[in-house]
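Participant: heads up, no residue letters with this:
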C-alpha cells in the first residue's frame, strides 16, 4: 500500500525569519492522524532567513538528523561541539538524557534550506552524542546512498534505532528500485524535483507511506533528490 501526503497538506510555522513545513505533528501544528510513521516522528523542511535561527533549546530521548539542502547551518551545543554544516552535509545528534543546542544561519545574505528529522530511539536514557559527515559532492546519479543506519554499516552515521536513511539524486528519465527490505515499512520524501513512485506522482515536499511492498520503482520525471526511510 502507498499513501501519499502532499506538500500542501503539511502543517506550517511562519515567522519573520522562518518558513517551516511539518510532515507530522510538531509544535503548534497538531493532527492526531499525523503523529509519525513507525519510528519516524518528525520531518521538518525549514527555510531560515539570513542571520536567523533557533536559540539554545533542549531535547531528550530522540535521534535527530539534519540534512542541509542549500546554504549552511551553524550548530553549537552543551557538549562543546561547534560546527558549520554546509549543503550536502548530514548531522546526527543522540539527545539521550539531554542535549541543549542552537542552530543559526551564519550568512547575512543567503537563506539556508534544510530538513530536520526525528527518529524515536530503541532505548531511552542514552548518553548524548554528536556526529557530522561530509557527503561526496558529485556522487553517481540514480544510485541510492546510505547515510544513516543502526550502526552496522560502515560509512553511515549511527543512530540508536533499527532504521536506515538513503538518498539519491536523479536526472530526468532515471529510475531505481527503492531500497526497502521485505516485511518492513518505508517513508519516501521528495526533497527536490518530480518523481513517480509505484506509478503515483510526487513533487517537491510530497511524501509517501509505504507498506507491504516487496519492490517499488522510483522514476524521475525531472532532476530530483529523494530520501527513503527503511523502517521497522
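Facilitator: Ah, there it is. As the structure is a computational prediction, the values presented were derived from the model and not from experiment.
Participant: going forward, measure contacts and count neighbours with C-alpha atoms only.
Facilitator: Noted.
Participant: ok now do the closest residue to residue 204 other than its chain neighbours, which residues does it touch?
Facilitator: Distance criterion CA to CA, 6 or more residues apart in numbering; nearest residue to residue 204, sequence neighbours excluded, is residue 192 at 4.8 Å. Residues near residue 192 by CA atoms under 8 Å, 6 or more residues apart in numbering: 203, 204, 205, 223, 224, 225, 226.
Participant: Also residue 86?
Facilitator: By CA under 8 Å, 6+ apart, residue 86 lies in contact with 68, 70, 71, 72, 73.
Participant: Could you check which helix or strand contains the first one?
Facilitator: So that's residue 68. Using DSSP states H and E, residue 68 falls within strand 63-70.
Participant: Paired strands for that strand, with orientation please.
Facilitator: strand 89-94 (antiparallel), strand 112-119 (antiparallel) (DSSP bridges).
Participant: following the shortest one, which helix or strand shows up next?
Facilitator: Toward the C-terminus, strand 89-94 is succeeded by strand 99-104 as the next helix or strand (DSSP H and E).
Participant: Across the sheet, point out what pairs with the residue nearest the centre of the chain.
Facilitator: When CA atoms, centre = their mean is applied to the chain, the residue found nearest the centroid is residue 117 (4.3 Å). According to DSSP bridges, the partner residues bridging residue 117 are residue 43, residue 65.
Participant: That one and residue 42 touch, don't they?
Facilitator: Yes - using CA atoms under 8 Å, residue 117 is in contact with residue 42, at 5.2 Å.
Participant: now stretch 152-162, how far from the centre of its chain.
Facilitator: How far stretch 152-162 lies from its chain's middle: 15 Å, per CA atoms, centre = their mean, to the nearest Å.
Participant: next one: stretch 63-76
Facilitator: For stretch 63-76, the distance to the chain centre is 10 Å (CA atoms, centre = their mean).
Participant: Give me the contact list for that stretch.
Facilitator: Contacts to stretch 63-76, defined as CA under 8 Å, 6+ apart, come from residues 81-96, 101-107, 110-121, 159-160.
Participant: same deal with stretch 117-125?
Facilitator: Applying CA under 8 Å, 6+ apart, the set of residues contacting stretch 117-125 is 39-44, 61-66, 96-97, 159-162.
Participant: Quick one: end-to-end length of it, please.
Facilitator: In terms of CA to CA, to the nearest Å, the two terminal residues of stretch 117-125 are separated by 19 Å.
Participant: Narrow the contacts of residue 86 to those that are buried.
Facilitator: For those, a burial check counting by 16 or more other CA atoms under 10 Å picks out 68, 71, 72, 73.
Participant: quick one: the last one from residue 135, how far?
Facilitator: As for residue 73, its distance to residue 135 is 15 Å (criterion: CA to CA).
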